[in-house]
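Chemist: Quick one: sequence and predicted model below, then my questions.
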Amino acid sequence: MGSSLTLTLANIFMSEWQKNIVEEQTKTGEFYGR
């Protein structure tokens with residue numbers, strides 16, 4: 001039970017982290033695109 005909870009938290013953390021990276025790349029791309 002503990003391991004599945006850890007995996008779930010890890011998946012949530014990774015998805016949030018990747019979302020933040022994508023948003024930062026989008027902002028940077030828009031900044032340099034102008």
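Modeler: Nice, I can see it. Residues are numbered from 1 along each chain as shown.
Chemist: In the protein, where is pLDDT below threshold?
Modeler: Applying pLDDT under 70 to the chain flags residues 1, 31-34.
Chemist: what do you get if the cut-off is 80, keeping everything else the same?
Modeler: Scanning the chain for pLDDT under 80 picks out the ranges 1-2, 28-34.
Chemist: can you map out the helices along it?
Modeler: 2-33 (DSSP state H).
Chemist: Give me the number of neighbouring residues for residue 22.
Modeler: Using other CB atoms under 10 Å, residue 22 has 10 other residues around it. Where you see a C-beta, it was placed from the backbone N, CA and C, and this is true even at glycine.
Chemist: From residue 14, how far out is it?
Modeler: Computed as CB to CB, to the nearest Å, the residue 22 to residue 14 distance reads 13 Å.
Chemist: next one: residue 25
Modeler: 16 Å.
Chemist: what does residue 5 give?
Modeler: From residue 5 over to residue 14 (counting by CB to CB), the distance is 15 Å.
Chemist: what's the answer for residue 7, then?
Modeler: Note on residue 7: its distance to residue 14, by CB to CB, is 10 Å.
Chemist: Can you work out which residues contact both of the two?
Modeler: Common neighbours of residue 7 and residue 14, counting by CB atoms under 8 Å, 6 or more residues apart in numbering, are absent.
Chemist: what's the neighbour count on residue 24?
Modeler: Neighbours around residue 24, by other CB under 10 Å: 10.
Chemist: Residue 21 now?
Modeler: So residue 21, with other CB under 10 Å, has 10 neighbours.
Chemist: quick one, what contacts it?
Modeler: Counted by CB under 8 Å, 6+ apart, residue 21 has zero contacts.
Chemist: And it, how far from residue 30?
Modeler: For residue 21, the distance to residue 30 - CB to CB - is 15 Å.
Chemist: Alright, calling it a day.
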